[in-house]
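Q: sequence first, predicted coordinates after that:
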Amino acid sequence: MIFVDTNVFYNSLFNTKFSASARGFIETNHELATSSSVINELILVAIRNLCEERYGTKNHSSFRRFIERRGYEPFKRELDDILQFFEDSDICILPTNEIVSDWSGIMQKYRLLPYDALIVSTCIFNGIRDIATFDKDFRRVDLLDVLDLNE
């Protein structure tokens, strides 16, 4: 089983310079897995980027104010597409490792952002060693094998 990081999903669902690689990987016959925290991050990043692109929100505060005033209606189609993608796929949604000391220790040992440390901890918790990502930070983690999606 291969754990799929947020950026692979983002690049497969939105047009970027990595879209062809991401889509090609997801369309293969691998057994894929992710977590609810990855889906959460995907939605946040996607909506935040769309909001900046369409409405000029430049920082987290202006984004939060926009959502408070307008809600998610301006992004309904994209949000529905993201959620439908996971509904239609065979991607396994794994339980997140909720043991704070596990992921905080990984965060500090490998100098990772909290979201990334939670992903590493979740992989270990679920017995997964392979991760698909465009994030080079995961290469510092000797507990995981990072798949090169640009091969």
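A: Great, that's in hand. Residues are numbered from 1 along each chain as shown.

Q: make it CA atoms for all contacts and neighbour counts henceforth
A: OK.

Q: scan this structure for its longest helix.
A: helix 36-55 (DSSP state H).

Q: helices or strands up against whichever helix or strand comes after it?
A: Read in the C-terminal direction, the helix or strand following helix 36-55 is helix 60-70, with elements assigned using DSSP states H and E. Secondary structure elements in contact with helix 60-70, counted by 3 or more C-alpha pairs under 8 Å, 6 or more residues apart in numbering; DSSP states H and E, are helix 36-55.

Q: redo that, cut-off 7 Å
A: Using 3 or more C-alpha pairs under 7 Å, 6 or more residues apart in numbering; DSSP states H and E as the contact criterion, helix 60-70 has no neighbours among helices and strands.

Q: angle of it against helix 36-55?
A: Inter-element angle recorded for helix 60-70 and helix 36-55: 80 degrees (by axes from the mean of the first three to the mean of the last three C-alpha atoms, to 10 degrees).

Q: any idea how far Y55 is from F66?
A: Distance check for Y55 against F66: by C-alpha to C-alpha, to the nearest Å, it reads 9 Å.

Q: between these two, tell me which one has more neighbours.
A: The residue with more neighbours, out of Y55 and F66, is F66; 16 against 12, by other C-alpha atoms under 10 Å.

Q: could you check the pLDDT of the more buried one?
A: Reading off the per-residue confidence, F66 sits at a pLDDT of 96.

Q: quick one: it from E41, how far?
A: 18 Å.

Q: now do the strands in the chain.
A: Taking DSSP state E as the criterion, the chain contains strands spanning 2-4, 32-35, 92-94, 130-132, 145-147.

Q: just the residues contacting the third one, thanks.
A: Read it as strand 92-94. The contact list for strand 92-94, computed with C-alpha atoms under 7 Å, 6 or more residues apart in numbering, reads 32-36.

Q: and that strand, which strands flank it?
A: When sheet partners are counted by DSSP bridges, strand 92-94 sits next to strand 32-35 (parallel).

Q: identify the residues contacting stretch 143-151?
A: Applying C-alpha under 7 Å, 6+ apart, the set of residues contacting stretch 143-151 from outside is 21, 129-133, 138-139.

Q: which among these count as buried?
A: 21, 129-133, 138 (16 or more other C-alpha atoms under 10 Å).
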